[in-house]
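**Q** return a 3D structure for these sequence lines:
(one chain, ligands or ions: 1)
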Amino acid sequence: MKFKFCPLCGRSLIEKYSWDEGGVPYCEYDDIMYFDTPKPCVVVAVVKDDEILLLKQSYIFKNSKVLVSGYVTVGETLEETVYREVKEETGITIDNIKYLGSQCIKSKELLMITFMATYLEGEIEKSAEVEWVQWESLENALCEMTEDEIGKNIVKKVLEEVQYKGHKAYSCDINSLI
Ligand SMILES: [Zn+2]
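**A** Numbering: from 1, shown residues only. Coordinates of the predicted model:
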């Protein structure tokens, strides 16, 4: 978001030169530069043997299941966000958090940092913001996640990570059939 006014004091921002960044909106009063940065959020595929943890959250996608996701909070590492979001949304404790890459959604100014993790312990105990959480066969995941393109890309990476050799998992994936 390109700021025009200081979110703290409401004064108009001026442009201040900052090395490689060029002109950056700056509040003289608060001495703060407002860099045009994306909002970081994590997405995580939790895997237990040949199953994956899928959620239903209609406010994200009406007819599609999704992976656990959430915004990074100030003071938190990415790994801490991943651990906390899985625990909060599903009640599950995870281990072996592994980075799978990042994707961005420019229109929403989001930087999606993606991970996989393995189930450690706990029973599913969903939060109020989640309609439904369940272990789903990894082979059915791509078919269940019809609308969630970023989620599907993560599942494809997980299939590679677990060295999946079958074909069934890709049966709903148009891109793999071409
Ligand atoms: Zn200010």
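
**Q** my guess is Glu21 meets Tyr34, correct?
**A** No: applying CB atoms under 8 Å as the test, Glu21 and Tyr34 come out as separate, 11.0 Å apart. No exception for glycine: its C-beta is placed from N, CA and C like everyone else's.

**Q** which strands and helices sit next to the strand or helix carrying Thr118?
**A** Using DSSP states H and E, Thr118 sits in strand 110-121. Counting contacts by 3 or more CB pairs under 8 Å, 6 or more residues apart in numbering; DSSP states H and E, strand 110-121 packs against strand 39-48, helix 78-90, strand 93-105, helix 149-161.

**Q** highest average neighbour count across these?
**A** strand 39-48 (a mean of 21; mean count of other CB atoms under 10 Å).

**Q** geometric centre of this structure: which residue is closest?
**A** Taking CA atoms, centre = their mean, the centroid of the chain lies closest to Val43, which sits 2.5 Å from it.

**Q** circling back: out of the helices and strands packed on strand 110-121, flag the one nearest the ion.
**A** Counting by CB to the ion, the ion lies closest to strand 39-48 out of the helices and strands packed on strand 110-121; the figure is 20.7 Å.

**Q** next to the ion, which bits of this protein? Give me the list.
**A** Within reach of the ion by CB under 5 Å from the ion, the chain has these residues: 6, 8-9, 27, 29-30.

**Q** who wins for most neighbours among those?
**A** Ranked by the number of neighbours (other CB atoms under 10 Å), the residues of the chain next to the ion place Cys27 first, at 21 neighbours.

**Q** per-residue pLDDT, that one?
**A** Note on Cys27: pLDDT of 97.
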